[in-house]
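> Structure for this input, please:
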Amino acid sequence: MRRILEVSKRNKKLTLTVYLTLIGFIFLTAFGFISWHNGNIRTSSTLFTAVFFGVINLYLLNTKYRDFTRYILSIIVALMGLSLLAFGGQDATGYLWTFPLMAMALAVLSVREGMCFAAAYLLGSFSVLFLPLGIDSLVHYEPVTATRYFLSAFALCCITLVLVNIQENTNRQLRLKTVKDDLTGLFNRAILDHNTIEQINLARNERSDYLLLIDIDHFKKINDNFGHSTGDEILVILGDILNASMRDSDLAIRWGGEEFLVILQRCPSVHAQKIANQIRIEFEQNERILQLLQRPATLSIGTAATSQNLMFDKALSLADSRLYKAKSEGRNRVVFND
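Coordinates of the predicted model:
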């Protein structure tokens, strides 16, 4: 469940990576030619090398390795920043450019990843500023200047990481509000956006995810005979039963009205059958429902599993047809095959 929620955040990071890579490509190319024209071969070589790896990064964005592009971008930024700090850049102003570079790298990383980047960069900058590396071409900074730079870089990393953490928490809360069903507390169908379904389809070669499409039998009659407040309470009861039956990796969704969808990740067929029947029996035997209706309420469940040959949409359609079969065969049953 947590991994599915992370999909949206990763895609925002990828989008930011694309824009920053394109902007960096333009600026680095321009400054590279300016440095080359002014005879600063070392700086121009550093900038053109960064451009070269930036082009590779853009290519990887269209491959299955696109999740790694932000790591590549942060490594490019770190190496370029340390190079500018060590060799001075154009007119010994290179160290000034390291500050926006650090902020850019931290913006495309998570807080934990950003802490690793910050630690690595600060360690590298400390070595350049304070340790005798024995390289004559390195810029030698005055102790006061070196200390000020290091403390400023440390402060920038801390402030940026705090801001990234606040943004991640805010985005997570906003995301939860848009994908939660107010009545049952389960997810709503908005949780299965294009990116999430794509992740499920990509994983079907490595695992089988079982879908349970669940419908409350004769729910309209319950609303008509006992009122919508009673119907709402029954929906909440089913939501609680589903939540109690789920593992951390599973997903329970109010699909619409009295229909619910459960996604059991990496679930063997035997275990999926056991969970489906357990849900059906617990709902039928629920004491609160017996008090409300003076009779049991029942469920019909259709199932299907994703596989190498069956993508999510097709599996969902198959589960829907099996749900219809469960209804036509008398309700209060689970259908696992045709």
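
> mind listing the strands in this structure by residue range?
Using DSSP state E, the strands of the chain run over residues 187-188, 210-216, 251-256, 259-264, 299-305, 333-335.

> As JSON lines, the ones you listed with mean neighbour count and distance to Tyr149 would be great.
(Each C-beta comes from the backbone N, C-alpha and C, glycine too.) Shown next, in JSON lines, are the strands of the chain (neighbours: other CB atoms under 10 Å; distance: least, CB to CB, whole Å):
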{"stretch": "strand 187-188", "mean neighbour count": "20", "distance to Tyr149": "48"}
{"stretch": "strand 210-216", "mean neighbour count": "25", "distance to Tyr149": "56"}
{"stretch": "strand 251-256", "mean neighbour count": "21", "distance to Tyr149": "48"}
{"stretch": "strand 259-264", "mean neighbour count": "24", "distance to Tyr149": "51"}
{"stretch": "strand 299-305", "mean neighbour count": "24", "distance to Tyr149": "58"}
{"stretch": "strand 333-335", "mean neighbour count": "20", "distance to Tyr149": "66"}
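
> Let me see the ranges of the helices in the stretch 101-250 of the chain.
Using DSSP state H, counting those that start in this stretch, the helices of the stretch 101-250 of the chain run over residues 111-130, 143-179, 194-203, 219-226, 228-245.

> I'd like to check the angle between the longest one and strand 251-256, please.
Computed with axes from the mean of the first three to the mean of the last three CA atoms, to 10 degrees, the direction of helix 143-179 lies at 50 degrees from that of strand 251-256.

> now helix 143-179: mean pLDDT?
Helix 143-179 shows a mean pLDDT of 84.

> tell me how far it is from the chain's mean position?
Between the centre of helix 143-179 and the centre of its chain there are 19 Å (CA atoms, centre = their mean, to the nearest Å).

> tilt between it and helix 111-130?
170 degrees.

> before we move on, the earlier item: CSV please, covering the strands of the chain and showing mean pLDDT and distance to Gln285.
CSV is the format used below for the strands of the chain (pLDDT from 0 to 100; distance: least, CB to CB, whole Å):
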stretch, mean pLDDT, distance to Gln285
strand 187-188, 88, 26
strand 210-216, 94, 15
strand 251-256, 91, 19
strand 259-264, 94, 18
strand 299-305, 94, 12
strand 333-335, 94, 15
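
> Looking at these, spot the one closest to Thr170.
strand 187-188 (19.4 Å; CB to CB).

> Show me what the closest one is packed up against.
Contact analysis of strand 187-188 by 3 or more CB pairs under 8 Å, 6 or more residues apart in numbering; DSSP states H and E lists strand 251-256 as its packing neighbours.

> so what does the strand it packs on touch, helix or strand wise?
strand 187-188, helix 228-245, strand 259-264.

> What strands line up against that strand, and which way round?
If you go by DSSP bridges, strand 251-256 pairs up with strand 187-188 (parallel), strand 259-264 (antiparallel).

> mind giving me the domain split of this structure?
2-179, 187-335 (automatic domain parsing).

> Would you single out the least confident of those domains?
Looking at those, the bottom one is domain 2-179 with a mean of 74.

> wait, what's in contact with the nearest residue to Gln273 once chain neighbours are set aside?
Leaving out its chain neighbours, the residue that sits closest to Gln273 by CB to CB, 6 or more residues apart in numbering is Phe336, at 6.1 Å. Counting by CB atoms under 8 Å, 6 or more residues apart in numbering, Phe336 touches Ser269, Gln273, Ala276, Thr303, Arg322.

> Also Ile253?
Neighbour list for Ile253: Leu186, Phe187, Asn188, Arg189, Ile191, Leu192, Phe260, Leu261, Val262, Ile263 [criterion: CB under 8 Å, 6+ apart].

> Switch those over to CSV; also include distance to Ser110.
Output for the contacts of Ile253, formatted as CSV (distance: CB to CB, whole Å):
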residue, distance to Ser110
Leu186, 27
Phe187, 22
Asn188, 26
Arg189, 27
Ile191, 21
Leu192, 23
Phe260, 32
Leu261, 29
Val262, 29
Ile263, 25
